[in-house]
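[1] how does the following fold in three dimensions:
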Amino acid sequence: MTGTPHQRSRRGRLAEAAGSWRAALRIARREAKRARGRTALVLAMIILPVLALTFVAVSADMSRLTPAERLDRRLGVADAELRTVGRGPVWQSADGGDWASDDSEAIVEQVSAKQVEALLPAGSRVLPIIRWLPFPAWDGQRFRGAVTASVIDLTDPLGRGVVRVHAGRVPAGPDEIVVNPAAQRRLGADLGDRLTGENARSWTVVGVVELPDELSPGVILHPTGASPPETHGERVYLADLPGPITDDLFRHLNRHGVVVAARVPAPPALAAPGPPSWALDLEDVGTSVLVAGLGLLEVVLLVGPAFAVGVRRRRRELALVAVAGGDAAQLRRVVLADGVVLGCAGAAAGIALGVVTAFAGRPLMEQFIFQHRFGGYRVWPAALVVIALVAVLAGVLAALAPAWTAARQDVVAGLAGRRTPPRRSRRWLVIGVLLATGGAGVAALGAVVTSQSVILAGLVVGELGLVCVTPTLVGLLARLGRVLPLAPRIALRDASRNRSSAAPAISAVMAAVAGSVALGLLLASEQTRNAEHHLPWLPSHSLLITVADPAGPETPDLAAIPEAARQHLGAEAVAPLVEAGCRSPLEPCLVTAQMPAERACPWRADEPLSAADQRRARADARCQDPPDDHLTMYPRVIVDDGSALPIVTGAAPDEVAAARATLRAGGAVLTDRRYLVDGQLKLSVERDPEQPVRDTDTVAVPGHVLDTGLGTDWLLLSPAAAERLGLTARQIGWAFSVDEPPEGHQHDQFHAATRSLGVLLVDTSDDWGSRDATPLLLLLAGVSALVTVGAAGIATGLAAAEGRADLSTLAAVGAGPGVRRLLSLCQAGVIAVLGSALGIIAGFAASVIILLFTNQRYAEGWPIVAPYPMVVPWLTLGVLVVVPLVAMLGAALFTRSRLPVERRLD
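    Numbers count the residues shown, from 1 in each chain. Below you'll find the model as predicted:
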């Protein structure tokens, strides 16, 4: 051999380690074939998350289009796509996806195709395309749904190149239309059907086509069939050039405010300034990594008991390795090799299944998730390598604790087949307490600095601490078994003896339940906070019907609205809704009420304040209202003689009578008491927001204040007050009272009956503040229930396989068949009940810490923000209390009642 003695010694150690690992891997492969049930269990727990991650990674990779694929879809057979974004020079990215301009003036009028052609070389031709137009579809008197519309001449070769025809043909005239598959499903429109839009305009469906980048429900119209002018959509132009596009043409078009997308990239000098689009958000990255770490920990805790049972079943084999000269490191390698083998097998199987599932589910992901066609069948090699490494890491981590246990076992006891009593050490208890305390502190710090990743990091650290404490808690509970009946006493004793398998299962249940409880409590607190501080816009039994464009050239017949509202919306009392405006429709004006300076909060909520000013603002009695009230008040202004007042305010009869008296006296009614001074309201008209209010635009009128409890501030002017302010009164709709808020089908029927009147807006009391969080709470509880039942089932099955000797002893001394079922029930109860109890406690503690510190931060800041209340998620807790009982009953039902009687047990 060559080299120095030190080099030869190092090579020898490496060769010895390699040989030891080869032997350990062969032993692990043999053991995996022998213990097929345990192997299948471990593989299933590893394959499932690997399959899910692979499916997401492969789908995401297929969904990302290459620059060439993106341009092929945008251009079709055209040479370039042109987009006018300004009047002055623009700077654009190479593919035209990003642009910037120094021109602050936006385009008001639409640029015509001839104007764009004038900027191109002679012989060029352009085809305009308009996208993202609203298209409410009707079938006779039935509203089918609202979709988006595009306007493209698909008979032109330039337009035909950007779509795929599935059935029928493209529209060739003004009364023809095509739908994409999603719109065909939503609208129920087949070839030959008639679709009706606004103003009773109808089209015949002649084909089914799709734009690969727009799979959401949509239709395509022929340019002669669109209603001009179409100013609300996105307008681009496909260009057919007589020659190749040059750098000079790029610069020429950019100088005239045109952004160019072509297969030839724009010159580097035209690159738009700004941050790169691929810049990562470190907060999101940290949160994703921590969530992935929690998922990895959950898998490790669920798989760990299987490896622990495997080590106990192989204690004689491991003792023989030690007798043959194997040291502690080699014993650890034998057990860790199980994790490597099963991790590699699970990674390979999970990745293969994930890729196949992603390829098979590609059409569904394209249609319902990403809503665009993928570029091709491809995988994400780098992501798959990371997923495979994480799967192997999960297997190794799950086998780590059993490996250390195997290296410390008594060789003599192992040869004799006796169990080695677990060593009790306070070290893990101390470490667990320190980690749990430190995690709580980190989570509190995250709540103070408003960092989601820091809060999550604290929860992860705290959870690790509870995992370290769990074995000690199991041992303490086992001492209570002395006073319990036979079955629960044996279950607690087995859990204490086999802490290496029981503690991880309990910790897995605890982690899932803690997360569910913590998120459920935070969600319930946020929902209650929003419900308490969100005010509806209108009374619950009122609705307003207004014209969408009251200043439009065509005034609808307002007299036809009340009868349709009574028939289809259940409207009862009705009053005209009259708007106060300037005498000239083109003159901007704003009616406001002036608050006395001594009642106004001197600090604005939208301006930064020093710490001292924040303390003074919080102590000021004038600044205790919600922050929006600290700004200038812009109420909703109507002219009313008292008829619409009870409908829009929901005031009590005596308050309505007093307010009507004020209006009859030429005054005004307001919904904010701070503006009323000695029975007078000071009103002003801002005719130009940039100019100060003139004295001639300010009047004082008799006033009355109504406490409506609504989120809308109303200012009701009497006709006399509006006249004194120089305002005109114009009816824009009606106010109605209803017994019950109308439902969706009633809205459809009303709109169908009033289509000829134009676009009408129906406003009702919004119930956003009472949005139901029950589905999300049930989802959280369901995930925890799945983990709880799974962990209890795994631990119970492994305990049953490990406790065959105890069962045979019970049968020998005359125990009945039901004892085994009762024992399985108790074993599942130890895992499920203890894990759920610890999880509920941990979840409550974590959420309380987060809420307390969050409220503390709000209590010292400005503007004043309502604190989060402490709300118990009873629905989540109820599910989590029932789940352990379900797990126990399931263990009892699926356990064979016949006790084994064996002459010899290995």
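[2] could you pull out the strands for the stretch 651-800 of the chain?
    Using DSSP state E, counting those that start in this stretch, the strands of the stretch 651-800 of the chain run over 668-670, 680-686, 698-705, 714-717, 728-738, 760-764.
[3] most packed of those?
    strand 668-670 (a mean of 27; mean count of other CB atoms under 10 Å). For glycine as for every other residue, the C-beta is placed from the backbone atoms N, C-alpha and C.
[4] that one packs against which elements?
    Packed against strand 668-670 by the contact rule (3 or more CB pairs under 8 Å, 6 or more residues apart in numbering; DSSP states H and E) you find helix 653-664, strand 680-686, strand 698-705, strand 714-717.
[5] and the ones you listed as TSV, adding distance to Leu41 and mean pLDDT?
    Formatted as TSV, the helices and strands packed on strand 668-670 follow (distance: least, CB to CB, whole Å; pLDDT from 0 to 100):
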stretch	distance to Leu41	mean pLDDT
helix 653-664	70	90
strand 680-686	74	85
strand 698-705	71	88
strand 714-717	66	89
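[6] just send these back as TSV, with distance to Gly325 too.
    Output for those, formatted as TSV (distance: least, CB to CB, whole Å):
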stretch	distance to Gly325
helix 653-664	96
strand 680-686	95
strand 698-705	94
strand 714-717	91
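[7] nearest to Thr470, of the ones you listed?
    Ranking the helices and strands packed on strand 668-670 by proximity to Thr470 (CB to CB) places strand 714-717 first, at 59.6 Å.
[8] hmm, who's touching that closest one?
    580, 591, 593, 635-640, 644-645, 648-649, 659, 663, 668-671, 683, 706, 708, 725, 727 (CB atoms under 8 Å, 6 or more residues apart in numbering).
[9] and these, which are buried?
    580, 591, 593, 635, 637-640, 644-645, 648-649, 659, 663, 668-671, 683, 706, 708, 725, 727 (16 or more other CB atoms under 10 Å).
[10] so what's Val264 up against?
    Per CB under 8 Å, 6+ apart, neighbours of Val264: Pro244, Ile245.
[11] can you pull the pLDDT of it?
    Predicted confidence (pLDDT) at Val264: the value is 88.
[12] mark out where each domain of the chain begins and ends.
    Using automatic domain parsing, the domains assigned to the chain come out as 19-79+297-409, 81-270, 493-534+769-906, 542-595+633-766.
[13] mean pLDDT lowest where, among the ones you listed?
    Comparing mean pLDDT across the domains of the chain, the weakest is domain 493-534+769-906, with a mean of 75.
[14] from the chain's centroid, how far away is it?
    25 Å (CA atoms, centre = their mean, to the nearest Å).
[15] repeat that for stretch 738-756.
    Stretch 738-756 sits 32 Å away from the centroid of its parent chain (CA atoms, centre = their mean).
[16] buried sites along that stretch?
    Val738, Pro741, Pro742, Gln746, Asp748, Gln749, Phe750, His751, Ala752, Ala753, Thr754, Arg755.
[17] before we move on, back to that, reformat the strands of the stretch 651-800 of the chain as CSV; add distance to Glu572.
    Shown next, in CSV, are the strands of the stretch 651-800 of the chain (distance: least, CB to CB, whole Å):
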stretch, distance to Glu572
strand 668-670, 22
strand 680-686, 31
strand 698-705, 25
strand 714-717, 21
strand 728-738, 5
strand 760-764, 14
